[in-house]
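Trainee: Using only what follows, build the 3D model:
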Amino acid sequence: MNPTTSGSGVTTLDKKTLGRIAQIIGPVLDVAFPPGKMPNIYNALVVKGRDTAGQPINVTCEVQQLLGNNRVRAVAMSATDGLTRGMDVIDTGAPLSVPVGGATLGRIFNVLGEPVDNLGPVDTSTTFPIHRSAPAFIQLDTKLSIFETGIKVVDLLAPYRRGGKIGLFGELAWVKQYSLWN
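Mentor: Residues are numbered from 1 along each chain as shown. Modelled structure (predicted):
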């Protein structure tokens, strides 16, 4: 189960380790935990409560650094407006996870893996952590096929393999000029 996307009532977090916000600088939070209860790097932290105006707060953070003295530094995945020092922080005990599978194709998600395209919930129960090791070389598809960019010079001199990670940078004027030559 993904503790960060289970909606407004996260009941699985009730028995997790509690910490308190020690410092807030923009989207960065320093959180103090009891001795021996430090979260791991990349663990998701959840700040739930109410701001000074009584509005509900539900901010998910990710641990980025262990500071020592039972403190961690975390980065918030949404606005930190309304957070104050001393607010309770829950360690989920797991990294941020996002849904995967065929049901996610063509959908738009936020950084927490929640759909933002107004097409309803995602029909999948499989989630993967956002920080994973790369697959072993033997697990990769070795079938060779070329990704055609449509720019003849690029396709000829620097063909791209389909399925890999690529980046093509250029200037719009160059592309326009190249298009005029053809």
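
Trainee: Just give me the neighbour total for residue 150.
Mentor: For residue 150, the count of nearby residues is 8 (other CB atoms under 10 Å). (Glycine included, C-beta is placed from N, CA and C.)

Trainee: burial count for the residue nearest to residue 89 when sequence neighbours are not counted?
Mentor: In space, and not counting its chain neighbours, residue 89 is closest to residue 19: 4.4 Å by CB to CB, 6 or more residues apart in numbering. When neighbours are defined as other CB under 10 Å, residue 19 has 26 of them.

Trainee: Likewise for residue 126?
Mentor: The number of residues near residue 126, taken as other CB under 10 Å, comes to 13.

Trainee: Check the spacing between it and residue 71 real quick.
Mentor: With distances defined as CB to CB, to the nearest Å, the gap from residue 126 to residue 71 amounts to 34 Å.

Trainee: what does residue 124 give?
Mentor: Distance check for residue 124 against residue 71: by CB to CB, it reads 36 Å.

Trainee: Neighbour count for these two, which is higher?
Mentor: Shown here are residue 124 and residue 71; by other CB under 10 Å, residue 71 has more neighbours (16 against 13).

Trainee: my guess is that one contacts residue 31, does it?
Mentor: Yes. The pair residue 71 and residue 31 passes the contact test of CB atoms under 8 Å, sitting 6.6 Å apart.
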